Structures are given as C-alpha cells and as structure tokens.
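S.K.: quick one, what's the 3D model for this:
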Amino acid sequence: MTMPQQIKVSDITDESSAQTYLDQMVMTTFCRVLDTSRLPPVVVMRLLASALGTTYREVAVAHQDGQCPCGWCPLPAIDIETLRASLEDAAALKRADDLGTMAVAGRA
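M.R.: Next comes the predicted model:
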C-alpha cells in the first residue's frame with residue numbers, strides 16, 4: 001500500500017486534501033494506540049468509531065441552537081446513516097478492475 005504524500009493542516013484547501021489529511025491523522029493515531037496498548041486492531045477501530053460518534057454528538061449539540069454561522073442543521077437519523085454508509089463504502093474491498101479505483105498510469 002502506498003501512502004499519499006504527507007500534508008500539513010495548512011495544506012488543506014478542498015475536500016480531497018482534507019480527506020488525505022484526516023486519513024493520515026487517523027492512521028497515525030490508530031498505529032500509535034495499537035503499538036502502545038497492544039489491543040487487538042478491531043478493538044482500536046471500534047474505539048475510533050466511538051470517538052467519531054462522540055465528535056458528531058458534540059458538534060450536533062453545538063449546532064442545535066442555530067447560533068453557528070455555518071448554517072448546518074443536524075439531522076441525526078440521516079447524518080448517522082450517511083456516516084454508516086461512508087464507513088461501509090470506505091471499508092469495502094475495491095475490485096481491481098474497477099476504473100474508479102485504478103491508479104492513473106499516464107495521460108491520453
């Protein structure tokens with residue numbers, strides 16, 4: 001597995017760079033906890049999922065009063081289903097013959 005080029009938080013300019021940054025931070029955190037705790041990988045992953053749920057809850061509560069200028073209105077049932085589907089999609093093995101997952105080899 002090749003890791004994407006390391007980026008800093010100051011390099012985040014769009015959704016793609018934010019995804020790369022978050023992927024790096026989660027993998028780094030996962031590896032550190034795994035190495036330090038010696039917990040099984042699936043336990044550490046469950047703890048990460050729990051941390052994400054806690055983050056969602058805290059951010060949603062902060063947005064319920066409508067005082068944040070971003071305008072986000074939490075819809076827990078829909079939001080949590082979207083998060084679940086994203087986790088499922090990201091965790092699923094990708095077929096090697098799927099053009100969407102193939103590495104670009106050049107330009108036409």
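S.K.: what segments of this structure are helices?
M.R.: Taking DSSP state H as the test, the helices found in the chain are 15-37, 41-63, 76-91.
S.K.: isn't residue 72 up against residue 64?
M.R.: No. With contact defined as Cβ atoms under 8 Å, residue 72 does not count as touching residue 64 (10.2 Å). The way it works is simple: take the backbone N, C-alpha and C, and place the C-beta from them, glycine included.
S.K.: those two: which has the busier surroundings?
M.R.: Ranked by neighbour count (other Cβ atoms under 10 Å), residue 72 and residue 64 place residue 72 first, with 13 against 10.
S.K.: any figure for the gap between that one and residue 18?
M.R.: Distance, residue 72 to residue 18, using Cβ to Cβ, to the nearest Å: 16 Å.
S.K.: kindly report the same for residue 65.
M.R.: To residue 18, residue 65 is 26 Å away according to Cβ to Cβ.
S.K.: of those two, which one has the most company?
M.R.: A side-by-side neighbour count of residue 65 and residue 18, using other Cβ under 10 Å, places residue 18 first with 14 against 7.
S.K.: so what's the residue count around the nearest residue to that one once chain neighbours are set aside?
M.R.: Closest residue to residue 18 apart from its sequence neighbours, by Cβ to Cβ, 6 or more residues apart in numbering: residue 12 at 5.0 Å. Neighbour count for residue 12, taken as other Cβ under 10 Å: 15.
S.K.: so residue 12 touches residue 19, yeah?
M.R.: No. Taking contacts as Cβ under 8 Å, residue 12 lies outside contact range of residue 19: 9.5 Å.
S.K.: residue 49: what's it in contact with?
M.R.: residue 87 (Cβ atoms under 8 Å, 6 or more residues apart in numbering).
S.K.: how close does it sit to residue 84?
M.R.: From residue 49 to residue 84 the distance is 10 Å (Cβ to Cβ).
S.K.: would you mind measuring from the residue nearest to residue 18 to residue 38?
M.R.: Counting by Cβ to Cβ, the gap from residue 12 to residue 38 is 33 Å.
S.K.: ok, now residue 83?
M.R.: For residue 83 relative to residue 38 (Cβ to Cβ), the value is 29 Å.
S.K.: between the two, which one's more packed in?
M.R.: Looking at residue 83 and residue 38 with other Cβ under 10 Å, you find the greater number of neighbours at residue 83, namely 14 against 8.
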